[in-house]
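Participant: Sequence isn't available, so here's the structure alone:
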C-alpha cells in the first residue's frame, strides 16, 4: 500500500470510529431520556388520579361529616359510608406511593445520562489532545502512528464508558414490580 | 414488641415511602443511606429484617449482604433486596450472597407489608 493510501485508511478508520462510538452513546442517551419522559408522564397522570380520587372520597362524605360536627346522629348507612373512608383513602394513598417512586428511577436514568455525557466530553477531549500533538511538519509515518494510537485510545475509552454504565432501570411503567422469595 | 426493619437506600424519597408504609403496619424502621451506613447501623442494633437497595454509593447491596452474613447476629436474619434490578443474573447473585428474597421497584405498599409479614410476622 502506498503511504497516501495507508494514511487515508487510518484517517478513515479514525473518523468512522468517532462516528460509531459517538452514535452508539448518543442512542443510549436518547433511549434513557425517552424512558425518563415516559415515567414522568405516567407518574404525573397517576398522581393526579390519586389526589383527585382522595378529594372525591372526602367530598362524597363532607355532608355527613358536617352533620356529625353539628351534633346530628348518623344513619346506619352514613356510618358505614364514613367507616369505609379510611380504607378507600388508604388504597389511593398506596397507589400514590407506588407512583411517587418515579423519582428514584428517573434520578438513576438522569445520572446515567450525565455520566455518559461527561464521558463523551472526555472522549472528544482525547481527540483534541492527540490532534494538538500533530506537528505541522510531521511526516506521514508519524501521523499514521499517531492516528493508530488515537483510534485505539478512543475505542478503549468508549468501551470503558459502556462498561461502567450498566442499565439498572428497565421499567417502562410504574406498575409494582415482581416479588420473589427464595 | 414491634419488630424492627433496617431500610437501606440512597434515595431519601424511597426511604421515606418504605418507612411510611411499614410504620403504618406497626413496624419500627431504621433508615440507612447506603451499604456502609447500613452495616454500621446493623452492628449498633440487631434488627429483625433488612430491606436493601442494590445500587448505592460507598457500598452496594450485594456487598452489604455478604458482610452481614459474616456477622454471627445476622446469620439467620431475613434480608430482602428492594431494587430496580430485575435480571435473573442479579437475582442469582443476590441469592448466592445470602438474600432471602427479591422485590423489584416500584413497590406496592400493601404487597410490601404482606411479604414482610410472611417473612417476620
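Facilitator: Alright, I've got the coordinates. It should be emphasised that the depicted structure is a prediction, and the values quoted were computed from it without experimental measurement.
Participant: what sits against the spatially most central residue of chain B?
Facilitator: Taking C-alpha atoms, centre = their mean, the centroid of chain B lies closest to residue B:51, which sits 1.1 Å from it. By C-beta atoms under 8 Å, 6 or more residues apart in numbering or on different chains, the contact set of residue B:51 is B:5-8, B:18, B:79-80, B:82, B:103, B:116. Just so you know, the C-beta spots here come from the backbone N, C-alpha and C atoms, and that holds for glycine as well.
Participant: Could you give the number of residues near residue 108?
Facilitator: Since no chain was named, I'll use chain A. Around residue A:108 there are 20 other residues, counting by other C-beta atoms under 10 Å in any protein chain shown.
Participant: hmm, I had chain B in mind actually
Facilitator: 19.
Participant: which SS class is the residue in chain A positioned nearest to chain B?
Facilitator: Closest contact between chain A and chain B, by C-beta to the nearest C-beta, is at residue A:177 (2.8 Å). In the three-state summary, residue A:177 is assigned as coil, counting by DSSP: H, G, I helix; E, B strand; the rest coil.
Participant: that older thread, beta partners for the residue nearest to the centre of chain B?
Facilitator: Beta bridges link residue B:51 to residue B:7, residue B:80 when assigned by DSSP bridges.
Participant: what about it, distance to residue A:142?
Facilitator: For residue B:51, the distance to residue A:142 (C-beta to C-beta, to the nearest Å) stands at 60 Å.
Participant: how close does the residue nearest to the centre of chain B get to chain A?
Facilitator: Look at residue B:51 and chain A: by C-beta to the nearest C-beta, to the nearest Å, they are 12 Å apart.
Participant: just residue B:71 next, same as before
Facilitator: Separation of residue B:71 from chain A (C-beta to the nearest C-beta): 20 Å.
Participant: Run a quick check on that residue versus residue B:42, I expect a contact.
Facilitator: Yes: taking C-beta atoms under 8 Å as the definition, residue B:71 is a contact partner of residue B:42 at 7.4 Å.
Participant: low-scoring pLDDT stretches of chain A, where are they?
Facilitator: Within chain A, the segments meeting pLDDT under 70 span A:1.
Participant: Which positions in it make contact with chain B?
Facilitator: A:93-94, A:97-105, A:107-108, A:168-171, A:174-182 (C-beta under 8 Å from any C-beta of the partner chain).
Participant: Pick out the residue of chain B closest to chain A.
Facilitator: Across chain B, no residue is closer to chain A than residue B:104, which sits at 2.8 Å (C-beta to the nearest C-beta).
Participant: list the contacts for the closest residue to that residue other than its chain neighbours?
Facilitator: Closest residue to residue B:104 apart from its sequence neighbours, by C-beta to C-beta, 6 or more residues apart in numbering or on different chains: residue A:177 at 2.8 Å. Applying C-beta under 8 Å, 6+ apart to residue A:177 gives the contacts A:171, B:86, B:103-107.
Participant: Closest to residue A:152 out of these?
Facilitator: residue B:86 (36.0 Å; C-beta to C-beta).
Participant: Distance-wise, check the residue nearest the centre of chain A relative to residue A:36.
Facilitator: With distances taken as C-alpha atoms, centre = their mean, the residue of chain A nearest its centroid is residue A:109 (2.4 Å). Taking C-beta to C-beta as the measure, residue A:109 falls 5 Å from residue A:36.
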